[in-house]
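Engineer: Need coordinates for the below:
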Amino acid sequence: MTAKKGTCGMFDAAMVADSRLVMEVILKKHISVFHCVSSLVDPGGGHDATAAAITKALPHVKCTVLDLPHVIASAPISGDVQFVAGDVFEYVPRADAVLLKVQAGHCI
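Structural biologist: Predicted coordinates:
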């Protein structure tokens, strides 16, 4: 992902880079955590860096990214990841697991 102009674009690019790095380590060292999971929701998952890493490493896991409508509107089209527009404080799609991450000093 290349940074779009402005602070928001740089922030988004930084979050994608962070997610890719963190997931590389998690999937290398702790992949067994995901073996019993067949579906997973990534709230606030943006443009799917985390979900894409999981589906690449574990094709049996159906990943859903839940994010705000304006984020989902510009999300990439993916055959491996489902995108749902919504608010995590109002609704979370049904899944075996919900991936909670700490980023930018806030926990979802």
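
Engineer: does the nearest residue to D80 once chain neighbours are set aside sit in a helix, a strand or a coil?
Structural biologist: Leaving out its chain neighbours, the residue that sits closest to D80 by Cβ to Cβ, 6 or more residues apart in numbering is T55, at 4.2 Å. C-beta: built from backbone N, CA, C; applies to glycine. Look at T55: counting by DSSP: H, G, I helix; E, B strand; the rest coil, its state is helix.

Engineer: Neighbours of T55, how many?
Structural biologist: 19 (other Cβ atoms under 10 Å).

Engineer: May I have the residues that are in contact with it?
Structural biologist: With contact taken as Cβ atoms under 8 Å, 6 or more residues apart in numbering, T55 is in contact with V61, C63, D80, V81.

Engineer: Relative to P43, how far out is the last one?
Structural biologist: Separation of V81 from P43 (Cβ to Cβ, to the nearest Å) stands at 13 Å.

Engineer: in this protein, what spans have low per-residue confidence?
Structural biologist: Residues of the chain meeting the criterion pLDDT under 70: 1-21, 25, 102-108.

Engineer: for it, which residue is closest to the average position?
Structural biologist: Centroid-nearest residue in the chain, with Cα atoms, centre = their mean: G45, separated by 3.2 Å.

Engineer: And that one, which helix or strand is it part of?
Structural biologist: Per DSSP states H and E, G45 falls between elements, in no helix or strand.

Engineer: V41 touches V92, doesn't it?
Structural biologist: Yes. Assessed by Cβ atoms under 8 Å, V41 is found in contact with V92 at 5.8 Å.

Engineer: What subset of the contacts of T55 is buried?
Structural biologist: Listed as buried from the contacts of T55 are V61, C63, V81; burial here means 16 or more other Cβ atoms under 10 Å.
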